[in-house]
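Chemist: let me see the structure of the following:
(2 chains)
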Amino acid sequence: MNQAVHIGGPASAGPDLQQLLGLVARGDHEAFSRVYDAVCGPVLGLVRAVLRDPAQSEEVTQEVLIEVWRTAARFQPSRGSAMTWILTLAHRRAVDRVRSAQAATDRERRAALLDQTPAYDEVTEQVEARLEREQVRRCLRGLTELQRQSVTLAYYRGLAYREVAELLAVPLGTVKTRLRDGLIRLRDCLGVSA
Amino acid sequence: MNAADLHTLTGAYVLHALAPDERAEFERHLLICPACAQEVRELAATVGKLGLAVAVTPPPALKQHVLRRISAERQEPPRVPGARRGGARRGRGLSRFVLAACLAATVSFGGVAAWQHQEAREAREDARASQRQAEELASVLAAPDARVSGTKLPEGARGTVVVSQSRNKAAFLTSGLPKPPPGKVYQLWFDDGGKMRPAGLMDPAVTDNAVLMDGPVDGAAGMGLTLEPAGGSPEPTTDPLALMRFST
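Modeler: Predicted structure coming up:
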């Protein structure tokens, strides 16, 4: 079930993106334009998955890309790929935004989260992204129900693990370990190495 | 939390699902746990795949916005240990909204990004200590009722004050301000109808700066900037370098 499958696409684009970021760090606008083309779709998709609101999502996406421009010199390839770095910034920004906007009253919103699947319906035409998506869906199906719900609520909905525990009515420690176990299983299924 | 417990937080950490205090504790642990750092690298790459899986086609106009904005955006140098953080080093002529976004970026630059730019523990704790002030500063700059006035300062420097009456706070921004002479410091004042009220000191090491002025705006109609002996003065001891009325 958890057979590792090599994923092309963004992984193969990795070295290029890394080189481009080096040029961006030196103020190369053309290189930034190419970085933009490579990352904007994933950044916007991820931010939109978390925030839902299209206008806010575009705003946060702009902030993320400007942060990439500003801080490209601080990217350290030894700590992960360029795409991982940029998506990490994007997720962090989206989560910060969603938590700052969250009031105690959005319990109903959170209850509704359980019924929603991630925004896979918003598709891009890029073949690589489509393969990636199929792969991720397949691997997510390989998780236990609790692992899958914990991971998707935390990642795609930006919930803190305490909120996940509350929502799923399971102990905190259980959520912590399910998040880790779930990601480890995904890592193995997706054939990720770092 | 013991080391074994901390190790189980790798998943929640890369998902940005930890509370701030737990994140800080985990990041300290990461410095001394190579196995955890390796797992964090792998799991961060894994969640990156989850991000790629929801990629969309961005609207074409977005690119033009971003390209326009970066042309006015100054880049940061590679981070070196002990470098000052949390301040804003700005080009001129930018809107306060861009500045606020930039400050927000500085503020949110923790989490996996901090691990990505792993550095001395003290630097991170400094950053957290300055975080609340940076957030307050950003909230003034981005306030819907923010009013901006600008002035020339000595040696071609520019000063800008941003006042938000709703937040009852003001921020002062400089670009190109010369370093004060040794033993001196720039001090900010609120102008309460001619009586100057101390409103904090500017970091002498930084020529481009954005600081939240100490204390409430209350009835102040303007602000002033003077050069004072290190540590500041209870009332101005030199002629003001700048006096500005707040725009209304």
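Chemist: now do the contacts for residue 78.
Modeler: Just going to use chain A. A:S78 makes contact with no residue under the criterion C-beta atoms under 8 Å, 6 or more residues apart in numbering or on different chains. In short, each C-beta sits where N, CA and C put it, glycine included.
Chemist: other chain: chain B
Modeler: A:A25, A:A73, A:R74.
Chemist: which of the residues you listed tops the neighbour count?
Modeler: Most neighbours among these, by other C-beta atoms under 10 Å in any protein chain shown: A:A25, with 21 neighbours.
Chemist: does it touch B:E76 like I think?
Modeler: No: counting by C-beta atoms under 8 Å, A:A25 sits too far from B:E76 to count as a contact (9.3 Å).
Chemist: show me the common contact partners of the two, please.
Modeler: Joint contacts of A:A25 and B:E76 (C-beta under 8 Å, 6+ apart) are A:A73.
Chemist: contacting chain B as well, which ones from the contacts of B:P78?
Modeler: A:A25, A:A73, A:R74 (C-beta under 8 Å from any C-beta of the partner chain).
Chemist: just send those back as CSV, with pLDDT, secondary structure and distance to B:M244 too.
Modeler: Shown next, in CSV, are these (pLDDT from 0 to 100; DSSP: H, G, I helix; E, B strand; the rest coil; distance: C-beta to C-beta, whole Å):
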residue, pLDDT, secondary structure, distance to B:M244
A:A25, 92, helix, 37
A:A73, 90, helix, 35
A:R74, 87, helix, 35
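Chemist: now B:Y13. Nearest residue, chain neighbours left out?
Modeler: B:F26 (5.4 Å; C-beta to C-beta, 6 or more residues apart in numbering or on different chains).
Chemist: likewise for A:V68?
Modeler: A:I86 (5.8 Å).
Chemist: surely that neighbour meets A:V43?
Modeler: Yes: the criterion here is C-beta under 8 Å, and A:I86 meets it with A:V43 at 6.6 Å.
Chemist: quick check: neighbours shared by these two?
Modeler: In contact with both A:I86 and A:V43: A:V64, using C-beta under 8 Å, 6+ apart.
Chemist: for those two, indicate the residue with more neighbours.
Modeler: Neighbour count, other C-beta under 10 Å: between A:I86 and A:V43, A:V43 has more, with 30 against 27.
Chemist: need the pLDDT of the more buried one.
Modeler: pLDDT, A:V43: 97.
Chemist: what helices and strands are in contact with the one helix or strand it maps to?
Modeler: Assigned by DSSP states H and E, A:V43 belongs to helix A:29-51. Helix A:29-51 is packed against helix A:10-25, helix A:54-71, helix A:82-101, helix A:145-157, helix B:34-52, helix B:60-70, with contacts defined by 3 or more C-beta pairs under 8 Å, 6 or more residues apart in numbering or on different chains; DSSP states H and E.
Chemist: tell me which of those lies nearest to B:D192.
Modeler: helix A:82-101 (33.6 Å; C-beta to C-beta).
Chemist: buried ones in the closest one, by neighbour count?
Modeler: A:82-98 (16 or more other C-beta atoms under 10 Å in any protein chain shown).
Chemist: and stretch A:16-34, by the same measure?
Modeler: Quick answer for stretch A:16-34 (16+ other C-beta under 10 Å): A:L17, A:L20, A:L21, A:G22, A:L23, A:V24, A:A25, A:D28, A:A31, A:F32.
Chemist: of those, which is the nearest to B:A45?
Modeler: A:L17 (13.4 Å).
Chemist: now the closest one: closest residue in space, sequence neighbours ignored.
Modeler: A:L17 sits nearest to A:A82 (C-beta to C-beta, 6+ apart), 4.0 Å away.
Chemist: show me what contacts that neighbour?
Modeler: Neighbour list for A:A82: A:G14, A:L17, A:Q18, A:L20, A:L21, A:V35, A:F75 [criterion: C-beta under 8 Å, 6+ apart].
Chemist: apply 6 Å and report the result again.
Modeler: By C-beta atoms under 6 Å, 6 or more residues apart in numbering or on different chains, the residues touching A:A82 are A:L17, A:Q18, A:L21.
Chemist: by mean pLDDT, which helix or strand of chain A comes out lowest?
Modeler: The least trusted helix or strand in chain A, going by mean pLDDT, DSSP states H and E, turns out to be helix A:107-113, with a mean of 55.
Chemist: what's next to the following helix or strand past that one, contact-wise?
Modeler: Where DSSP H and E defines the elements, the next helix or strand beyond helix A:107-113 is helix A:127-141. Outside of helix A:127-141, the residues within contact range by C-beta under 6 Å, 6+ apart are A:I7, A:G9, A:R148, A:L186, A:C189, A:L190, B:K49, B:L50, B:L52, B:A53, B:A55.
Chemist: distance to B:D21 and neighbour count for these - can I get that in JSON lines?
Modeler: Shown next, in JSON lines, are these (distance: C-beta to C-beta, whole Å; neighbours: other C-beta atoms under 10 Å in any protein chain shown):
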{"residue": "A:I7", "distance to B:D21": "36", "neighbour count": "19"}
{"residue": "A:G9", "distance to B:D21": "38", "neighbour count": "19"}
{"residue": "A:R148", "distance to B:D21": "28", "neighbour count": "18"}
{"residue": "A:L186", "distance to B:D21": "27", "neighbour count": "25"}
{"residue": "A:C189", "distance to B:D21": "33", "neighbour count": "23"}
{"residue": "A:L190", "distance to B:D21": "31", "neighbour count": "25"}
{"residue": "B:K49", "distance to B:D21": "29", "neighbour count": "27"}
{"residue": "B:L50", "distance to B:D21": "26", "neighbour count": "26"}
{"residue": "B:L52", "distance to B:D21": "31", "neighbour count": "28"}
{"residue": "B:A53", "distance to B:D21": "31", "neighbour count": "27"}
{"residue": "B:A55", "distance to B:D21": "34", "neighbour count": "26"}
